[in-house]
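Enquirer: fold the following.
(one chain, ligands or ions: 1)
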Amino acid sequence: MNPTLSGTLYQQLADELAAAIKRGTLPSGAKLPSVRRSAQNYQLSLNTVLAAYRLLEDQGLIQARPQSGYYVRSRLPAPVAQVVDHDQQATPTQPVVLDLISTVLATQQQQDFIDLALACPRGTDFYPSHKLARLMGQILRRQPDMISTYALPPGSLKLRTQIARRGLDLGMNLQAQDIILTHGCMEAIQLALRAVTRPGDSAGIESPTYFNLLPMLASLGLNTVAIPTDPNTGLSLDAVEVLLAEKHIQALIAMPTIHNPLGCTIPLAAKQRLARLMTQYQVPLIEDAIYAELQYGDSLAPAVKAFDEDGWVMICSSYSKTLAPDFRLGWLQAGRFANTVRKLKFSSSGAEPMVLAETVGAFLETGGYDHHLRTLNRHYASQVDQVRGLIARHFPAGTCATVPVGGFLIWVELPEPLKAIELFHAALAEKISIMPGSLCSPDGRYSNALRLSCCYPLNEHYQYALMRVGQLASTLLSHSQQAK
Ligand SMILES: Cc1ncc(COP(=O)(O)O)c(C=O)c1O
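Expert: This next block holds a predicted model:
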């Protein structure tokens, strides 16, 4: 660096680094030298280097990762919104989608596969397993009879009390007696659907959506009506309003807070409008809030349920993504349909194991859940950012990826005419599992998209697998361009 040049020293350093980033000498995701190392290299003070790094941060070129250092921000473009089609038809779920789902799930059981597809974090990196094990041990030592007693719905009062208390963080005023514990979030959604629909009815569903909702709707004999969902602003409320006004749907399932797979949250005003629309047209909203506590921001955006004045919102969630997937502990507050759901729950699966529910209840009471969530959210935000950087580095030019505001999923759109299903099969042959976008599609769209999970340790296996998928995408893309 030339101190005789005009501009302050920190600006000169920032300019030099910015030029290196633009040239690609410092690629997306690359780690900058530590402040101390740069100070030695450039013979500058620590404060000067720090000021330069902060300037680059303000310019959106680099990002600080807690306890790790400064990294070049990914310059991957975000996907653009689809054209909103208000004239969506009700359709049954396509069998080909159901078969593909089975193939992806089968890879999860195989040790030698690298999974980039499923939203199933594993291990103590993401879950407080040791603390939960200690709590469960204490509970069983004190009350060994718990395992020889049938639990009955609605399940552990301790846990329901904690769920109600935690509901305040999402703006909801829930009462413990209105909460029904379920076998994961899936059972909560299924019970809600069974309470409000009959076979042959139609459910409005986001497009793209959580893939497992499609087989569930099919098994209940329900048709789906796909609703356009913007990668940044989520569900199209104009489309919802048309469907409600024309009585095309008997229920709506949506993930307004941290959508799977888009990672977006609908704006606050849209949440208020959605709650109003459901009340006005008297159609239930099944709000899937499983990722609602995995928001990266300092404060939590409220749930749509927070604005529900007349019980038309049925909110469903679970602790599968935050505490213990194996416990299968979910819950539901079914609003005006609570009595119907209560009866369905007992005939569906009895009650959830008391020892598991009491363990989670105790953790929520005294185990440091807030601290755990803060750490988890920082961890996922950093993983998502690193994976976006790897995508920018290894995938073909023209690839776009969402910028999630929570959770651990990234929706990737590949340049046309590349087909994600071909990439899926090519990756499968190398024992890498990715999720083609068509699995998340209730309306046959997203042949060029895929969903990637950032909920596994980003070790050399993960990084190699992602690099290979990018290389395979480049090869397939050039083949399909030549064939045109
Ligand atoms: C959006 C969404 N809803 C529901 C579920 C199912 O949750 P659970 O495992 O608690 O049944 C998942 C799991 O991946 C999900 O991503």
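
Enquirer: how many residues are close by the residue in the stretch 151-300 of the chain that the ligand sits nearest to?
Expert: Per C-beta to the nearest ligand atom, the residue of the stretch 151-300 of the chain with the smallest distance to the ligand is residue 184, at 2.7 Å. All C-beta atoms are positioned from the backbone trio N, CA, C, and that covers glycine. If you count neighbours by other C-beta atoms under 10 Å, residue 184 ends up with 21.

Enquirer: equivalent analysis for residue 416, please.
Expert: Residue 416 - counted by other C-beta under 10 Å - has 12 other residues nearby.

Enquirer: how about the secondary structure of it?
Expert: Residue 416 carries the three-state label coil when classified by DSSP: H, G, I helix; E, B strand; the rest coil.

Enquirer: which residues touch the closest residue to it other than its chain neighbours?
Expert: What sits nearest to residue 416 in space, not counting adjacent residues and going by C-beta to C-beta, 6 or more residues apart in numbering, is residue 448, at 5.9 Å. Counting by C-beta atoms under 8 Å, 6 or more residues apart in numbering, residue 448 touches 413, 414, 415, 416, 417, 418, 419, 420, 437.

Enquirer: that's a strand at residue 226, yeah?
Expert: Yes - secondary structure of residue 226 (three-state DSSP): part of a strand.

Enquirer: that one against residue 446, yeah?
Expert: No - counting by C-beta atoms under 8 Å, residue 226 sits too far from residue 446 to count as a contact (10.8 Å).

Enquirer: that older thread, how far away is the residue nearest to residue 416 from residue 381?
Expert: Residue 448 sits 27 Å away from residue 381, taking C-beta to C-beta, to the nearest Å as the criterion.

Enquirer: re the thing from before, of the contacts of residue 448, select the buried ones using a PyMOL command.
Expert: Filtering those down to the buried ones (16 or more other C-beta atoms under 10 Å) takes a single PyMOL command:
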select buried, resi 413+414+415+418+419+420+437
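
Enquirer: tell me the one of the contacts of residue 448 nearest residue 205?
Expert: Distance to residue 205 across those (C-beta to C-beta) is lowest for residue 437, with 15.0 Å.

Enquirer: beyond the helix or strand where residue 393 lies, next helix or strand please.
Expert: Assigned by DSSP states H and E, residue 393 falls within helix 369-394. Next helix or strand after helix 369-394 toward the C-terminus (DSSP H and E): strand 400-401.

Enquirer: which is the next helix or strand following that following strand?
Expert: Following strand 400-401 in sequence order, the next helix or strand is strand 409-413 (DSSP H and E).

Enquirer: what's that next one packed up against?
Expert: Applying 3 or more C-beta pairs under 8 Å, 6 or more residues apart in numbering; DSSP states H and E, we find strand 409-413 packed against helix 369-394, strand 400-401, strand 449-453.

Enquirer: of all those, which one is nearest the ligand?
Expert: Nearest to the ligand among these is strand 449-453 (9.7 Å), distances taken as C-beta to the nearest ligand atom.

Enquirer: just how off-centre is the next helix or strand after that closest one within its chain?
Expert: On the C-terminal side of strand 449-453, the closest following helix or strand by DSSP H and E is helix 460-483. Distance of helix 460-483 from the chain centroid (C-alpha atoms, centre = their mean, to the nearest Å) equals 24 Å.

Enquirer: so how far is stretch 126-141 off the chain centroid?
Expert: 26 Å.

Enquirer: so which residues on the stretch 151-300 of the chain come close to the ligand?
Expert: 184, 185, 186, 210, 255, 260, 288, 290 (C-beta under 6 Å from any ligand atom).

Enquirer: pull up the gap between the first one and residue 415, please.
Expert: Right, the one you point to is residue 184. Residue 184 is 37 Å from residue 415, where distance means C-beta to C-beta.

Enquirer: what's next to the one helix or strand in the chain whose mean pLDDT sits lowest, contact-wise?
Expert: When the helices and strands of the chain are scored by mean pLDDT, DSSP states H and E, strand 90-91 comes last with a mean of 71. Residues outside strand 90-91 that contact it (C-beta under 8 Å, 6+ apart): 202, 223, 224, 225, 226, 248, 249, 442, 443.

Enquirer: neighbours around the fourth one, how many?
Expert: Other residues lying near residue 225 total 21 when counted by other C-beta under 10 Å.

Enquirer: ok, now which ones touch it?
Expert: Contacts for residue 225 (C-beta under 8 Å, 6+ apart) come out as 88, 89, 90, 91, 202, 203, 204, 205, 243, 248, 249, 442.

Enquirer: try it again with 10 Å
Expert: 88-91, 202-205, 207, 239, 243, 248-249, 252, 442-443 (C-beta atoms under 10 Å, 6 or more residues apart in numbering).

Enquirer: now the buried members of these.
Expert: By neighbour count, with 16+ other C-beta under 10 Å, those hold 88, 90, 202-205, 207, 239, 243, 248-249, 252, 442-443 as buried.

Enquirer: quick check: the farthest pair among these?
Expert: Longest distance between any two of the buried ones among the contacts of residue 225 is 15.4 Å, between 252 and 443; criterion C-beta to C-beta.

Enquirer: where's whichever helix or strand residue 22 is part of relative to the chain centroid, distance-wise?
Expert: Following DSSP H and E, one finds residue 22 within helix 9-23. Centroid separation for helix 9-23 versus its chain: 35 Å, with C-alpha atoms, centre = their mean.

Enquirer: which helices and strands sit right next to the next helix-or-strand element following it?
Expert: Using DSSP H and E, the next helix or strand after helix 9-23 towards the C-terminus is helix 35-42. With contacts defined as 3 or more C-beta pairs under 10 Å, 6 or more residues apart in numbering; DSSP states H and E, helix 35-42 has these neighbours: helix 9-23, helix 46-58, strand 69-72.

Enquirer: and the longest one, average pLDDT?
Expert: Yep, that's helix 9-23 we're talking about. Across helix 9-23, pLDDT averages out at 89.

Enquirer: now the second one
Expert: Across helix 46-58, pLDDT averages out at 91.

Enquirer: next secondary structure element downstream of that helix?
Expert: If you walk from helix 46-58 toward the C-terminus, the next helix or strand you reach (DSSP H and E) is strand 62-65.
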